Structure formats: C-alpha cells, structure tokens
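# only geometry, no sequence info:
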C-alpha cells in the first residue's frame with residue numbers, strides 16, 4: 001500500500017509539505033543538561049542495570065500546560081530549565097524557558113519539517129526532512145554542542161546503504177493469477193530509498209536515530225559516522241474479506257498477509273541499555289485493519305529486536321519512567337498507555353492527539369493537540 005505505507009507521513013508530513021511554513025532566522029543552541037536522567041541515561045550503569053517491575057499500577061494526575069500555541073509539536077525534549085520543541089509544521093525548534101519568550105534555536109530549510117528533538121548534557125539534536133510522501137530531497141541530523149553544529153547527512157547514508165532493501169512489503173503468498181488482479185499500489189515491493197529521522201536519543205556523544213523512512217534504527221558516533229543498529233521487520237496483517245472489499249481487492253487475497261512497513265517513530269534508552277522503540281506501521285490507522293502500533297526493544301550491540309507490546313492506535317512517542325515502566329502515546333487513540341516489564345498494557349490517561357512523550361523531573365510530559373494549537377503538558381505519575 002505505497003500510498004499509505006508511511007502511515008505517519010500520510011498524516012503528518014503531508015501536512016507539513018502543504019503548510020509550507022518557514023521561520024526566519026535561528027539562534028545558536030544552548031544545550032543544557034537533561035533533567036532526571038541520572039545514572040539510567042548517562043555513562044556506565046545504564047548498560048548494566050536490569051529492568052525491574054514497577055511496584056504498582058501507575059496513575060496520572062491532572063495535566064498542567066507548560067507551553068502552548070505550538071505548530072505541530074510532534075517531538076520535544078526537556079532540559080534542566082527549558083523545553084526544546086520541534087514545531088514540525090513551522091519547521092523550527094524553539095526553546096521555552098520560564099518567564100521568557102520562546103527563542104528559535106534551529107530552523108529547517110523552506111518546506112522541511114523539524115523532528116527528532118533530544119537534549120542531553122552538552123548536546124541538542126534535531127532533524128529536518130525535505131520532500132513529500134513519495135520522494136525525499138534531504139534528511140539531515142543537526143547535532144549542536146558548545147563546539148558548534150555538526151550536520152549529518154542521513155539521506156546520503158540511506159542512498160548508499162538502504163538498510164531495509166532486504167525487507168519485502170506488500171501482499172505476500174499470492175500466485176501469478178491472483179497477483180495479476182491486484183492493483184499496482186498493493187503489489188509486493190522491497191525497501192525503498194527514503195529517510196525521515198523522527199526520533200533521537202543521545203547517550204554521551206552517541207546519537208541513536210529512529211528513521212521512519214529507512215525503517216531502521218541508526219547510530220551516529222561522536223565523529224558523525226552513521227551505521228545501522230537494527231533493521232525493523234515488516235508488520236504482517238491478514239487480509240479479511242471485509243478489508244479486501246474496502247480496498248477493492250480481489251477475493252483471492254483473502255487470508256493472505258499484507259506486510260506493512262514498520263515506521264519507527266521514537267527511541268529511548270531504558271534500563272540495561274536497551275533501546276525502546278515505538279512503531280507506527282505504514283497502514284491505515286482508522287482501525288479498519290486493527291490497531292497496528294507496536295513497542296519493541298532493540299539490543300544496541302547485536303541489533304536483536306524483541307516485541308514488548310502490540311495493539312496501539314498510532315504509537316508516535318514513548319518515555320521510560322521509574323521502575324522501567326514505558327509510556328506510549330497513542331495519537332489516534334487519544335490516550336497514553338503504560339507498559340510494565342511483563343508487557344502488560346494499561347491506559348494511563350486520555351489526551352487529545354498526544355504525540356511526543358518525555359519523562360523528566362519526576363513527571364511525564366506530553367505534546368497534545370498536535371494537529372491544531374499544540375501544547376506541552378506535564379503530569380505527576382504515581
């Protein structure tokens with residue numbers, strides 16, 4: 001389903017391209033220390049601690065607005081004293097501090113979005129993508145430190161390597177006679193050249209990137225060298241008679257699988273050094289084929305991918321809280337869910353169009369109303 005294969009891009013990037021919003025000027029970033037990451041997100045112990053279950057079911061307090069009037073706050077980060085917000089529909093990254101006006105700390109080229117925002121001690125990262133659903137013209141990760149700005153060309157890496165070129169997407173297992181009846185948009189295909197850095201997380205001077213176009217988790221080392229940590233697997237969905245009728249497909253496809261692209265949307269480091277990743281498979285998120293979102297765990301050394309939980313309605317962001325509890329934003333479910341170490345999923349709270357999540361200062365932060373007048377809210381979780 002190549003017209004809907006990039007589920008997130010169909011709902012988000014198309015709006016970015018249509019908006020064509022550009023902010024003038026940018027200011028040097030002042031990267032501050034990431035609050036509340038402590039030993040779980042710094043050096044050393046993050047790679048050796050185990051994942052221990054939370055002692056009780058988490059509950060959320062009343063949300064408090066900490067930033068408002070944002071143009072598509074799909075990703076953001078929480079520093080020691082400031083918020084850094086990627087306003088995708090304006091193509092800017094803004095810094096929000098208490099009792100001060102927002103300051104632009106990064107601006108994309110005209111027509112590009114701003115995503116993959118993360119802040120850690122001494123470094124601010126964010127990314128921009130130019131192009132539309134079907135073609136990408138640029139994909140750059142910006143890493144800002146006190147020494148200056150490094151611009152890492154992710155599209156160049158994708159063009160040279162195309163990590164998911166071995167993945168097979170589309171309808172599977174059809175004989176030639178059936179395949180001849182299938183419209184071109186549903187035909188099998190392999191991983192295409194595309195790049196859209198949507199999420200990032202910094203560990204020291206290493207940056208891990210959730211590339212929603214490449215369908216892979218990438219690593220950018222301190223020198224700017226890019227490598228592939230893991231290629232995410234296609235997400236198979238069995239085609240029912242109802243789905244075949246809805247999409248105008250022949251009866252012979254019923255019972256066969258359609259392999260959707262996995263589309264990673266966020267990456268965070270959890271206890272034990274594992275990378276937690278949300279997936280928004282590139283298919284319809286209206287529930288016609290079910291809630292396809294996933295939470296997976298990636299071993300950054302071996303690239304092994306383990307599914308932790310499934311059934312999310314638009315898994316666009318995640319945060320790792322105390323006790324190893326993972327929180328997942330369900331953009332199309334209008335809620336945030338919690339996942340414990342056993343993979344048990346529970347609804348934490350209802351929010352309008354939640355996209356980005358961060359855990360900091362003992363609180364859970366979420367971006368909401370991301371297709372309208374966006375906000376960042378914080379809430380205490382007990």
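Right, received. Where do you want to start? Predicted, not measured: the structure shown is a model, and the values here were computed from it. Residues are numbered from 1 along each chain as shown.
# What ranges does this structure have for its helices?
7-11, 13-19, 38-41, 154-161, 176-179, 241-246 (DSSP state H).
# mean pLDDT for these: which is lowest?
Lowest mean pLDDT within the helices of the chain: helix 38-41, a mean of 26.
# For the residue most central in space within the chain, give its distance to residue 276.
Taking CA atoms, centre = their mean, the centroid of the chain lies closest to residue 265, which sits 1.7 Å from it. Between residue 265 and residue 276 the distance is 12 Å, computed by CB to CB, to the nearest Å. Where C-beta positions appear, they are placed from N, C-alpha and C, glycine not excepted.
# swap in residue 370?
From residue 370 to residue 276 the distance is 21 Å (CB to CB).
# Specify which residue of the two has the higher count of neighbours.
Set residue 370 next to residue 276 and count neighbours by other CB atoms under 10 Å: residue 370 wins out with 30 against 23.
# Do I have it right that that one meets residue 71?
No - contact criterion CB atoms under 8 Å: residue 370 and residue 71 do not qualify, at 9.3 Å.
# these two touch, right, residue 83 and residue 75?
No - in this structure, residue 83 is not within contact of residue 75 by CB under 8 Å, at 11.5 Å.
# Look at the two and report which has more neighbours.
residue 75 (34 against 26).
# The more buried one touches residue 318, doesn't it?
No - using CB under 8 Å, residue 75 is not in contact with residue 318, being 11.3 Å away.
# what is in contact with these two at once?
residue 266 (CB atoms under 8 Å, 6 or more residues apart in numbering).
# Could I get the pLDDT score of residue 134?
pLDDT at residue 134 comes out at 80.
# Show me which positions of stretch 224-240 end up buried.
When burial is assessed from 16 or more other CB atoms under 10 Å, stretch 224-240 yields the following buried residues: 226, 228-232, 234-235, 237, 239.
# out of those residues, who's nearest residue 157?
residue 226 (4.2 Å; CB to CB).
# How much space separates the nearest residue to the closest one once chain neighbours are set aside from residue 108?
Excluding the flanking residues, the one nearest residue 226 by CB to CB, 6 or more residues apart in numbering is residue 157, at 4.2 Å. To residue 108, residue 157 is 19 Å away according to CB to CB.
# now residue 96
Residue 96 is 18 Å from residue 108, by CB to CB.
# so where's the stretch 251-382 of the chain shaky on pLDDT?
Within the stretch 251-382 of the chain, the stretches with pLDDT under 70 are 284-288.
# those strands in it, which residues are they?
For the stretch 251-382 of the chain, the strands defined by DSSP state E, counting those that start in this stretch cover 257-260, 264-269, 275-279, 293-298, 305-312, 315-320, 326-330, 335-339, 345-350, 357-360, 363-368, 373-380.
# Save these as CSV, and put in distance to residue 149 too.
Formatted as CSV, these follow (distance: least, CB to CB, whole Å):
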stretch, distance to residue 149
strand 257-260, 36
strand 264-269, 22
strand 275-279, 25
strand 293-298, 28
strand 305-312, 32
strand 315-320, 25
strand 326-330, 29
strand 335-339, 33
strand 345-350, 37
strand 357-360, 23
strand 363-368, 24
strand 373-380, 24
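# So for residue 191, which of the ones you listed sits nearest?
strand 257-260 (11.0 Å).
# Can you tell me what sits against the closest one?
Outside of strand 257-260, the residues that reach it under the criterion CB under 8 Å, 6+ apart are 1, 5, 7, 167-173, 186, 234-239, 281-283, 292.
# how about the nearest residue to residue 366, chain neighbours excluded?
residue 354 (4.9 Å).
# right, I mislabeled it, should have said residue 68
Closest to residue 68 by CB to CB, 6+ apart is residue 375, at 4.8 Å.
# what about the residue nearest to residue 350 when sequence neighbours are not counted, distance to residue 110?
Nearest non-adjacent residue to residue 350, counting by CB to CB, 6+ apart: residue 335, 5.0 Å away. Residue 335 is 35 Å from residue 110, where distance means CB to CB.
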